[in-house]
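In: need a 3D model of the following:
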Amino acid sequence: MELINDRPAVIRLNTHDNVGVAARPLPEGMPVDDRGHVAAHNIDAGHKVALSPIAAGGEIVKYGQVIGVASRAIGIGEHVHTQNLEMRERDTTLQGFKPFPRTPITEQERRFDGYHRADGQVGTRNYIGILSTVNCSATVAKMVASSLNESGELAALGYDGVVPVTHGSGCAMNTESEGFAFLERVLAGYARHPNFAFVLIIGLGCETNQVKQLVAKSGLDDGSRLAYFNIQEAGGTRASVRLACERLVKMARECPSVERRPAPLSHLTVALQCGGSDGYSGITANPALGHAADLIVAHGGRVILSETPEIYGAEHLLLDRSVDASVAGKLLERITWWKHYTRINGAELNNNPSPGNKAGGLSTILEKSLGAVAKSGSSSLNDVLEYAEPCQQPGFNFMDSPGYDPVSVTGQIAAGANIVCFTTGRGSVSGFKPAPCLKLATNTSMFEAMQEDMDINCGTIIDGAADIDDVGREIFERIIAVASGKLSASEDLGYGDNEFVPWLVGAVT
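Out: Numbers count the residues shown, from 1 in each chain. Below is the predicted model:
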């Protein structure tokens with residue numbers, strides 16, 4: 001059959017697979033194996049092709065795992081996708097559960113240059129944050145940030161800039177609801193974040209999400225890293241902008257001068273994220289990021305995987321890596337919650353993959369989930385977090401969140417992530433201040449088309465120019481460089497001011 005850089009045009013990922021992945025577009029008639037079988041029709045790159053005959057109702061296997069069943073008989077060389085592949089639900093339990101040994105810390109020599117905070121945390125950036133309690137104070141927060149960033153006064157004092165953290169919620173909410181608890185946790189997590197030297201919280205005054213209550217939740221009410229006021233008490237918009245600018249400049253001048261100093265990698269918390277996935281995501285960028293994640297864990301750092309709907313169908317792989325039954329039980333509780341949540345809202349967990357995912361070759365949530373879990377590497381699962389819950393355990397953690405990337409990353413940063421790694425096959429563009437974000441392309445064609453938005457081309461794996469370990473080590477080294485001050489592509493383009501999106505759950509009254 002035809003080879004690409006000494007690699008076959010169709011790649012079988014596991015010896016048990018009955019489908020392969022097209023390493024490039026396959027025109028009708030192109031050989032798909034070395035037994036004389038050919039493509040039955042044109043098949044796009046990243047899409048699946050049958051390598052064995054599959055009977056109607058038969059299991060379709062990729063990564064050595066079942067990703068669905070055939071809705072009709074499929075012959076060798078046929079395109080396998082949504083037109084002939086159906087989802088099969090599975091029930092996962094803890095029956096026969098065995099604890100997975102906790103992954104040890106084996107490496108400690110590497111360092112990154114970070115900003116050491118008085119509370120013991122270490123930041124990868126030195127921003128000043130302005131948090132709005134409610135949508136009504138968002139405009140003032142943006143005005144203040146714009147004024148101070150344009151003046152250059154804070155930059156001259158060594159700060160990376162002022163970040164307005166604004167949102168569209170904060171009022172007409174039940175204070176006992178999950179949605180309100182999520183908002184409080186997110187804002188408190190951002191207030192404590194090590195990438196902020198200090199923060200100013202601006203409220204309106206009459207909203208449900210009261211500023212003093214939020215300050216108490218943050219644990220930063222000693223005044224050293226936090227100031228706050230309400231617009232109604234300050235005397236309106238212009239008075240509030242003047243007051244905020246005066247306070248922030250005063251805090252910036254009084255704050256002890258901070259310069260980057262070496263810190264062990266145990267102070268890194270890396271958010272593992274993917275968006276705009278394609279058929280190569282689970283073959284190139286995701287497993288390469290998983291290798292980098294294992295290296296971070298080996299050095300005592302933390303990594304956070306999230307997007308619960310996008311591990312659905314592959315949760316058994318995480319259960320098998322759980323250090324005890326309590327951790328495994330928390331993961332199953334979140335899956336159960338999601339089944340209920342989607343049912344009462346007239347949805348289903350298999351409403352994913354998205355149209356873009358399907359265009360890239362992903363057919364079912366099982367297939368997407370198996371590839372998504374690869375981002376977590378092979379380390380033990382040490383804890384399962386609620387949305388935006390502070391990450392306390394070193395090593396690999398899972399955080400409950402939707403599959404919508406901005407909402408998920410917002411929760412990961414609130415949990416303490418001070419750097420984000422984002423794999424993409426279709427070409428996602430975003431950034432997540434105050435945490436720098438690395439974009440990892442799954443394929444070379446997209447990387448070349450969107451090179452200014454991408455940091456690393458993981459497509460070299462499918463091209464045959466590198467292997468997963470090589471690219472994983474490259475990601476690991478780039479994480480250290482960016483944590484030490486090197487700008488990521490999204491930072492260089494100015495992304496990061498619009499991606500703060502807390503998870504809204506429940507009624508808005």
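
In: sheet partners, orientation included, of the longest strand along the chain?
Out: When the chain is parsed with DSSP state E, its longest strand is strand 196-203. Applying DSSP bridges, strand 196-203 is found paired with strand 127-132 (parallel), strand 226-230 (parallel).

In: out of the ones you listed, flag the one nearest Tyr404.
Out: strand 127-132 (20.8 Å; C-beta to C-beta). Backbone N, C-alpha and C define where each C-beta goes, glycine included.

In: one step back: the strands paired with strand 196-203 into a markdown table, with extra columns for distance to Glu477, mean pLDDT and mean neighbour count?
Out: Listed next are those as a markdown table, based on distance: least, C-beta to C-beta, whole Å; pLDDT from 0 to 100; neighbours: other C-beta atoms under 10 Å:
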| stretch | distance to Glu477 | mean pLDDT | mean neighbour count |
| --- | --- | --- | --- |
| strand 127-132 | 24 | 98 | 26 |
| strand 226-230 | 35 | 95 | 20 |
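
In: closest one to Glu28 among those?
Out: The nearest among the strands paired with strand 196-203, by C-beta to C-beta, is strand 127-132 at 53.9 Å.

In: the closest one: what's the following helix or strand?
Out: helix 138-151 (DSSP states H and E).

In: quick one on the thing from earlier: and the longest strand of the chain, how far from the chain's centre?
Out: Put simply, strand 196-203 sits 24 Å off its chain's centre (C-alpha atoms, centre = their mean, to the nearest Å).

In: only C-alpha atoms, please: export it in PDB.
Out: The C-alpha coordinates for strand 196-203 follow below in PDB (Å, rounded to 0.1, in the frame of the first residue of the first chain):
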ATOM      1  CA  PHE A 196      -2.500  38.100  40.400                       C
ATOM      2  CA  ALA A 197      -0.200  40.200  42.600                       C
ATOM      3  CA  PHE A 198      -3.400  41.700  44.100                       C
ATOM      4  CA  VAL A 199      -7.000  42.200  43.100                       C
ATOM      5  CA  LEU A 200      -9.800  44.800  43.400                       C
ATOM      6  CA  ILE A 201     -13.400  43.600  43.600                       C
ATOM      7  CA  ILE A 202     -16.000  46.100  42.300                       C
ATOM      8  CA  GLY A 203     -19.700  45.600  43.100                       C
END
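
In: wait, what's in contact with Phe97?
Out: 319, 322, 325, 328 (C-beta atoms under 8 Å, 6 or more residues apart in numbering).

In: of those, grab the buried ones for PyMOL.
Out: In PyMOL, a selection of the buried entries from these looks like this (16 or more other C-beta atoms under 10 Å):
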select buried, resi 319+322+328
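
In: quick one: the helices in the stretch 301-450 of the chain, in order.
Out: 315-319, 325-344, 355-359, 365-373, 405-414, 444-449 (DSSP state H, counting those that start in this stretch).

In: give me whichever of these is most buried.
Out: Among those, helix 365-373 has the highest mean neighbour count (mean count of other C-beta atoms under 10 Å), at a mean of 28.

In: where does the stretch 251-400 of the chain dip in pLDDT?
Out: 350-352 (pLDDT under 70).

In: strands of that one, start to end?
Out: Secondary structure of the stretch 251-400 of the chain, counting by DSSP state E, counting those that start in this stretch: strands at 261-264, 269-274, 302-305, 381-385, 395-399.

In: do a quick rundown of the strands in the stretch 401-509 of the chain.
Out: Going by DSSP E, counting those that start in this stretch, the stretch 401-509 of the chain shows strands at 419-424, 437-441, 456-457.

In: in JSON lines: those, plus mean pLDDT, mean neighbour count and distance to Gly152.
Out: Listed next are those as JSON lines, based on pLDDT from 0 to 100; neighbours: other C-beta atoms under 10 Å; distance: least, C-beta to C-beta, whole Å:
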{"stretch": "strand 419-424", "mean pLDDT": "98", "mean neighbour count": "28", "distance to Gly152": "26"}
{"stretch": "strand 437-441", "mean pLDDT": "98", "mean neighbour count": "27", "distance to Gly152": "25"}
{"stretch": "strand 456-457", "mean pLDDT": "98", "mean neighbour count": "23", "distance to Gly152": "32"}
